[in-house]
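Asker: Everything below, folded, please.
(one chain, ligands or ions: 1)
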Amino acid sequence: MTLFEKIAAREIPAKIVYETDDVIAFRDISPQAPTHVLVCPKLALPKLSDASAEHTELLGKCLLAVAEVARREGLVDYRVAINNGAGAGQSVFHLHMHVLGGRTLSWPPG
Ligand code: 5GP
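Answerer: Numbering: from 1, shown residues only. A predicted model of the protein is given here:
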């Protein structure tokens, strides 16, 4: 089981902010902004690059969950980020989207 599967199964505690049958969202343990939520499919795809056409609906549900989380958090401007691979900063190999907001976010991220 991945770390995020264990969170979804309530084997590891997390501050869950949103959940559907397919998607779970919880606060990052090391927040990089006043709001930092991770949105992930319950299906443990390791990386975005492992997704294929069969995951189209699931990925759409993840993006809609991102927007719903942002609404619930009262965010108007926010960033959605996916780190794909260790060289891009990915450390947990269960696909997830970072939702960051509540402060000014510079671009490019560095
Ligand atoms: P990545 O680096 O893979 O894009 O993002 C993984 C994120 O998971 C990091 O921002 C990290 O702080 C967060 N994280 C790692 N372990 C835990 C944990 O046990 N609980 C929660 N809520 N977040 C975690």
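Asker: List the pairing partners of the longest strand seen in the chain within its sheet, with orientation.
Answerer: Criterion DSSP state E: the longest strand present in the chain is strand 35-41. Strand pairing for strand 35-41, using DSSP bridges, gives strand 23-27 (antiparallel), strand 97-101 (antiparallel).
Asker: does the ligand sit close to stretch 72-85?
Answerer: Yes - counting by Cβ under 6 Å from any ligand atom, the ligand has neighbours in stretch 72-85: residue 83. For the C-beta atoms, the positions are set from N, CA and C on the backbone; glycine is no exception.
Asker: Any part of stretch 21-33 near the ligand?
Answerer: Yes - Stretch 21-33 is in contact with the ligand by Cβ under 6 Å from any ligand atom, via 26, 27, 28, 29, 30.
Asker: quick one, the helix ranked longest in the chain and strand 23-27 angle?
Answerer: Within the chain, and with DSSP state H defining each element, the longest helix by residue count is helix 56-72. Inter-element angle recorded for helix 56-72 and strand 23-27: 40 degrees (by axes from the mean of the first three to the mean of the last three Cα atoms, to 10 degrees).
Asker: Show me what helix 56-72 packs onto, helices and strands only.
Answerer: Judged by 3 or more Cβ pairs under 8 Å, 6 or more residues apart in numbering; DSSP states H and E, the packing partners of helix 56-72 are strand 16-19, strand 23-27, strand 35-41, strand 78-81, strand 97-101.
Asker: Any idea how far the fourth one is from the middle of the chain?
Answerer: Pointing back at strand 78-81 there. Counting by Cα atoms, centre = their mean, to the nearest Å, strand 78-81 is centred 10 Å from the centre of its parent chain.
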